[in-house]
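> how would this look folded up:
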Amino acid sequence: MSTMIPHPEPATLRDVLQQTAEAHPNRAALSIVDGEVMTYAEMYERVQDLSRFLHERRGIAHGDRVAVLGENLPNWGVAYFAITTMGAIAVPILPDFHQNEIGHILRHAECKAIFVSERLYSKLEEIDISHLTTIILLDDLSLVPPRTKQHKLQELLLQGTREFARIKERAQKFARYPVRGVAGNDIAAIVYTSGTTGHSKGVVLTHSNLVSDAIATTRIVDLSCEDRSLSILPLPHTYEGTLGLITLVLVGASICYLKKPPSAGVLLPALATIQPTVMLSVPLVIEKMYKAKILPQLERNAFLRFLRRVPLTRRPLHRAAGKRLLKTFGGKLKLFTIGGAPLAPDVELFLREAHFPYAIGYGLTETSPLVAGCAPALTKYRSTGPPLPGTEIRISDPDPKSGEGEILVKGPTVMQGYYRDPVRTKEAFTSDGWFKTGDLGVFDRDNYLYIKGRLKNMILGPNGKNVYPEEIESLINEFDVVLESLVYQSQGKLTARVHLAYDELDKQFGTGDEATMRERIRTILEEMRKRINERLPVYSRIHAMFEQMEPFEKTATQKIKRHLYVP
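Numbering: from 1, shown residues only. Modelled structure (predicted):
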């Protein structure tokens, strides 16, 4: 099943792209749905041209930091490889970061240049970017002249395109020359995390970190140049950047991007057109699809609801629904990876019984990211799978009864540290060099890892028992009127905030005046609280449940930013 990787194995991102371009020059590399298709030969040439331009004409040298701020585009990958293959350091920035955070990153990383998409260019307009020597638009790789108050964006686009064309024409007269060599231990990227704690940290990842993670991933899942991926997650996040870009480039697969954000109206036609064999996702995507499309069909009448309560008759129903779901995804899907946050138990049970080819991975930005996972055929319910080949995982100070403890990681994918932050870097590692993930987990007899929750989120119950909010939230989220929830401790008692599916409430109860609706919601929440508490031990029962009227603010992988809501 393992994928064949060229020998010698690539050590840097330059090796990855060069080997693939030589092995699969005419294969589709990067494209947009219903748009231009870039082959690997063309991608390699564009990357070389752009690297030469940055080095020869813009003075970008080995070790310089260059930011990339834009939505998913083929040129995002071109820019990323152009920066890293010449020995400079990519600083990918999430598109939904506030301009203040973008300004902080550009200053903290001491970036000399930035690639930015036209749609996000306005985020730079209120930021002091006087330290940037170069601004290049991702849309067409045009050079933006120095900003003045008189310039408008369209004028910049026009001038920049002309200037870049002239400079590129002159640059093409130079023979290809080797920029300073790139080694595996050179820094490839500084990734600023959008964490649930609100503290953005610059994670320093080397070429070896990223390439090792990509190679190890191909050892556990079957990938080849025949595969097609439809990308729906932001490339600046390491989950998509490593597994959805570098790993797929490594095997010569085709990657397609959407023209617009992945709403149902955009995603469904794209799935039918591309018919992807591989997709990366987060739980929220498949959970929403399950609650909005699948569950209502499975429980559309009393007879079906009765059949779903019996395992013997439930499984065939799920299997039939799974075939329809596969068809929705284009009918060719063989690998649907889920990561970034816990998947709801009821949704995973459905996927298993539906024979849907899902696999749950576990990882962090600091580990490039994947740490544990397996192929769809080898998954276990509620587990992320065994450690990645070449990665060591141990449980620190395991509980004598449950075996649970903090997950520690050691291996070639673990970061160098946090950029310009020696204190937090030291805190992140044990004295003997193990990275402290901050996650709680336990192994089973087959060496499969089970994630219990975040160490910092764990609540100590009144009887000394550990309470994991994530486990209670998964029970709350099973209700079809719930979109998401957050459990925390308030004045010594467990409390839950719940964001409801208001469309579903309207379907079930109809619309009414505001007072009637508020009273109905209070009744629903109280009934829900009682039913959930029946399934929980006494020490982890919910004392109060409140309506969260607006959606929770989330990170790029759709994890709730808890620090904004927990007192």
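> for the residue lying closest to Ile521 once chain neighbours are set aside, give me its contacts.
In space, Ile521 comes closest to Glu547 once its chain neighbours are excluded; the distance is 5.6 Å by Cβ to Cβ, 6 or more residues apart in numbering. Placement of C-beta: from N, CA and C, glycine included. Shown here is Glu547, whose contacts under the criterion Cβ atoms under 8 Å, 6 or more residues apart in numbering are Arg497, Val498, His499, Leu500, Ile521, Leu525.
> check the gap between Glu547 and Leu525 for me.
Plainly put, Glu547 is 7 Å away from Leu525 if you go by Cβ to Cβ, to the nearest Å.
> kindly report the same for Glu45.
Separation of Glu45 from Leu525 (Cβ to Cβ) stands at 59 Å.
> quick one, which of the two is more surrounded?
Legend: neighbour count by other Cβ atoms under 10 Å for Glu45 and Leu525, higher for Leu525 (21 against 16).
> what is whichever strand or helix holds Arg522 packed up against?
Under DSSP states H and E, the secondary-structure element containing Arg522 is helix 514-533. Contacting helix 514-533 under the criterion 3 or more Cβ pairs under 8 Å, 6 or more residues apart in numbering; DSSP states H and E are the following elements: helix 469-476, strand 493-500, helix 502-509, strand 544-547.
> sheet partners, orientation included, of the second one?
Strands adjacent to strand 493-500 in the sheet, as given by DSSP bridges, are strand 482-490 (antiparallel), strand 544-547 (parallel).
> hang on, the earlier thing: list residues touching both of Glu547 and Leu525?
Val498.
> then Ser229 would be within a strand, right?
Yes: for Ser229, which was evaluated using DSSP: H, G, I helix; E, B strand; the rest coil, the result is membership in a strand.
> next up, the contacts around it.
Taking Cβ under 8 Å, 6+ apart as the contact definition, Ser229 lies against Gly244, Leu248, Ala253, Ser254, Ile255, Cys256, Pro276, Thr277, Val278, Met279, Leu280.
> and the pLDDT for the second one?
Meaning Leu248. The score at Leu248 is 98. That number is its pLDDT.
> I'd assumed Arg228 was in contact with it.
No: under the criterion of Cβ atoms under 8 Å, Leu248 makes no contact with Arg228, lying 9.3 Å away.
> just to revisit the earlier point, TSV for the contacts of Ser229, including distance to Gly461?
Putting those into TSV (distance: Cβ to Cβ, whole Å) gives the following:
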residue	distance to Gly461
Gly244	40
Leu248	45
Ala253	47
Ser254	51
Ile255	46
Cys256	48
Pro276	44
Thr277	46
Val278	42
Met279	39
Leu280	36
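> farthest pair in those?
The two members of those with the most space between them (Cβ to Cβ) are Ser254 and Leu280, at 14.3 Å.
> now for this protein, the helix or strand with the poorest mean pLDDT.
Counting by mean pLDDT, DSSP states H and E, the chain has its least confident helix or strand at helix 153-171, which shows a mean of 51.
> ok, then the element right after that one?
Next along the chain after helix 153-171, with elements defined by DSSP H and E, is strand 187-192.
> residues in contact with that next one?
Outside strand 187-192, the residues within contact range by Cβ under 8 Å, 6+ apart are 12-13, 63, 65, 84, 89-94, 105, 109, 200-207, 209-210, 236-238, 241, 365, 416, 419.
> now those residues: which count as buried?
Neighbour-count burial (16 or more other Cβ atoms under 10 Å) applied to the contacts of strand 187-192 gives 12-13, 65, 84, 89-94, 105, 109, 201-207, 209-210, 236-238, 241, 365, 416, 419.
> now, which of the residues you listed lie within helices?
Leu13, Thr84, Ile105, His207, Asn209, Leu210, Thr238 (DSSP state H).
> nearest to Phe429 among these?
Distance to Phe429, by Cβ to Cβ, is smallest for Asn209 among those, at 14.8 Å.
> low pLDDT regions in the stretch 101-250 of the chain?
Applying pLDDT under 70 to the stretch 101-250 of the chain picks out residues 146-180, 194-199.
> again, 50 this time
148-157, 167, 171, 173-178, 196-197 (pLDDT under 50).
> repeat for the stretch 351-500 of the chain
For the stretch 351-500 of the chain, not a single residue meets the criterion pLDDT under 50.
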